Each structure stands twice: as structure tokens, then as C-alpha cells.
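S.K.: have a look; sequence and predicted model below, questions after that.
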Amino acid sequence: MTKLFALADQLSGEDIRSIRKKLYLTQKDFAELVNVSIKTVEIDTLNKFRESL
């Protein structure tokens with residue numbers, strides 16, 4: 001049986017920020033929730049910001 005999840009394989013920085021804001025989470029809290037380093041969340045968010053320039 002294949003398990004299906006509600007999230008895509010990859011999320012953009014904008015997706016991460018949107019999810020964090022809806023859940024009222026800081027970057028640190030979100031990183032802990034999804035079990036990644038805060039640097040990973042910061043880099044994803046920063047990359048999205050750079051793309052928008």
C-alpha cells in the first residue's frame with residue numbers, strides 16, 4: 001500500500017514561509033517541527049527572496 005501525503009516532494013521558500021505564517025511558527029520552531037536545521041529553513045527562505053529581486 002502506498003502512503004500519500006498532502007505535501008509536494010519539494011517546497012519553495014515562499015511555500016515554507018506561507019506554511020510557517022499560517023501556523024504562527026518562527027523559522028526555528030518550523031525547523032524543529034519538520035526536523036531540519038534552522039539554516040535549511042533560512043536558506044530556502046533567502047533563496048526565494050533572491051529570486052524575487
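M.R.: It's in.
S.K.: need the helix or strand of the chain with the lowest average pLDDT.
M.R.: Within the chain, no helix or strand scores below helix 38-51, which has a mean of 71 by mean pLDDT, DSSP states H and E.
S.K.: okay, buried residues for stretch 13-21 please.
M.R.: Neighbour-count burial for stretch 13-21 flags 13, 16, 17, 20 (criterion: 16 or more other C-beta atoms under 10 Å). All C-beta spots, glycine's among them, are computed from the backbone N, C-alpha and C.
S.K.: in CSV: the residues you listed, plus pLDDT, secondary structure and distance to residue 37.
M.R.: Listed next are the buried residues of stretch 13-21 as CSV, based on pLDDT from 0 to 100; DSSP: H, G, I helix; E, B strand; the rest coil; distance: C-beta to C-beta, whole Å:
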residue, pLDDT, secondary structure, distance to residue 37
13, 78, helix, 15
16, 83, helix, 13
17, 85, helix, 17
20, 89, helix, 15
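S.K.: surely residue 38 touches residue 27?
M.R.: Yes: applying C-beta atoms under 8 Å, one finds residue 38 in contact with residue 27, separated by 5.7 Å.
S.K.: between the two, which one's more packed in?
M.R.: Comparing residue 38 with residue 27 by other C-beta atoms under 10 Å, the one with more neighbours is residue 27, at 17 against 14.
S.K.: OK, contacts around that one?
M.R.: The contact partners of residue 27, taken as C-beta atoms under 8 Å, 6 or more residues apart in numbering, are 20, 38, 41, 42, 45.
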